[in-house]
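A.B. asks: pasting the sequence and the predicted model now:
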Amino acid sequence: MPTAVQVSRTGGPEVLEIAEVPSGPPGAGELLVDVAAAGVNYIDTYQRQGIYPLELPFVLGQEGAGTVVETGTGVTDFAAGDRVAWQGVMGGYAARTVVPAREAVKVPEGVSDEVAAATLLQGITAHYLVRSTYEVKPGDDVLVHAAAGGVGLLLVQLAKARGARVIGTVSTDEKAELARAAGADHVVRYDREDFAAVARELTDGEGVSVVYDGVGKDTVDGSLASLRVRGLLALFGAASGPVPPLDPQRLNSGGSLYLTRPRAQHYVRTREELDWRAHELFAAIGDGSLDIRIGGRYPLAEARRAHEDLQGRRTTGKLLLIP
């Protein structure tokens, strides 16, 4: 019986436990997959803590890559031996898992299983943010929080590729160097500087077109203060905690601002949209224009340490669990 990381009670990283969890056979429209690598994402910590409630017990992990072992009835686009990746499906923290075929994409030659597992969830998030939530255009000024994090590094690269000037915020000098290496034009140590004031100064007082904010409570006020008239705050995460209730009048007084709280599943509503986003990401990886930084690899049994490192902001890039 395959090994998995299971949550039987919500709480801190200590609730992550190794368990023997059955994984198959695949049902209609499903794939049974040997997991080569599973991505660790901040949403996993929300689910582990019960901020996003799930029925107990559950196996964590919404992203991974591996090899198809068996297909269920009705599956025609995949076969045993295919390398696949997925996101948005629970159960990735396991040696073997079942994935709906509609949520899987084939991994092309030239992209490793580890890179594929490190790409899809955060990559699709970054892709929809710069292509759909606010379609970045040449000449736009863009502010990216946590610019050396998993999503942040991708946002910097994708926004730069679309011709934007990128301002990134970070918490350490090491992270500042990573953000610059990814293409950030200006990097702000938000623990030392007022990033909103810097953004205003760099834009001659106008403010930025869009702020991509996955930090939440600690940055939302400054994010709103960084925007130009009719600018957009894309609040896609809450690493520092949930944002308190917001008076809509603040959007008015800030310059008829826009605020959105996007979610990945609303940006991959069709097979065609999922394939489009995955194809563009894998193509950019293949031609070298998108670099996926893997910041840490942990054995499955050390999922607790991975969560501790992630929440302690001791990591950069993407964290992977390797069964």
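C.D. replies: Great, that's in hand.

A.B. asks: residue 245: how many residues sit nearby?
C.D. replies: By other Cβ atoms under 10 Å, 5 other residues sit near residue 245. From N, CA and C alone the C-beta is placed, and that goes for glycine too.

A.B. asks: so residue 202 touches residue 168, yeah?
C.D. replies: No - assessed by Cβ atoms under 8 Å, residue 202 is found out of contact with residue 168, at 11.8 Å.

A.B. asks: you'd agree residue 154 is in a strand?
C.D. replies: No - Residue 154 sits outside any strand when classified using DSSP: H, G, I helix; E, B strand; the rest coil, being helix.

A.B. asks: next up, the contacts around the spatially closest residue to it that is not a sequence neighbour.
C.D. replies: Nearest residue to residue 154, sequence neighbours excluded (Cβ to Cβ, 6 or more residues apart in numbering): residue 126, at 3.7 Å. If a contact means Cβ atoms under 8 Å, 6 or more residues apart in numbering, then residue 126 has 151, 154, 155, 158 as its contacts.

A.B. asks: repeat that for residue 26.
C.D. replies: Counted by Cβ under 8 Å, 6+ apart, residue 26 has contacts 32, 70, 71, 72, 75, 98.

A.B. asks: so what strands line up beside the helix or strand containing the first one?
C.D. replies: Of the helices and strands defined by DSSP states H and E, residue 32 is found in strand 30-40. Under the criterion DSSP bridges, strand 30-40 sits next to strand 63-71 (antiparallel), strand 96-100 (antiparallel), strand 318-322 (antiparallel) in its sheet.

A.B. asks: and the helices in the stretch 1-150 of the chain, which stretches?
C.D. replies: 42-49, 113-128, 150-161 (DSSP state H, counting those that start in this stretch).

A.B. asks: about what we covered before: how about the contacts of residue 26, which pair is most distant?
C.D. replies: The most widely separated members of the contacts of residue 26, counting by Cβ to Cβ, are 75 and 98 (11.7 Å).

A.B. asks: what about the strands in the stretch 51-200 of the chain?
C.D. replies: Along the stretch 51-200 of the chain, the segments classed as strands by DSSP state E, counting those that start in this stretch run 58-59, 63-71, 83-87, 96-100, 104-106, 141-144, 165-170, 186-189.

A.B. asks: possible to save the ones you listed as JSON lines with mean pLDDT?
C.D. replies: Listed next are these as JSON lines, based on pLDDT from 0 to 100:
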{"stretch": "strand 58-59", "mean pLDDT": "96"}
{"stretch": "strand 63-71", "mean pLDDT": "97"}
{"stretch": "strand 83-87", "mean pLDDT": "97"}
{"stretch": "strand 96-100", "mean pLDDT": "97"}
{"stretch": "strand 104-106", "mean pLDDT": "97"}
{"stretch": "strand 141-144", "mean pLDDT": "98"}
{"stretch": "strand 165-170", "mean pLDDT": "98"}
{"stretch": "strand 186-189", "mean pLDDT": "98"}
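
A.B. asks: could you single out the most deeply buried of those?
C.D. replies: Mean neighbour count (mean count of other Cβ atoms under 10 Å) peaks for strand 141-144 among those, with a mean of 29.

A.B. asks: what's that strand in contact with?
C.D. replies: Against strand 141-144 from outside (Cβ under 8 Å, 6+ apart): 136, 152, 155-156, 159, 164-169, 184, 195, 199, 202-203, 206-212, 223, 226, 228.
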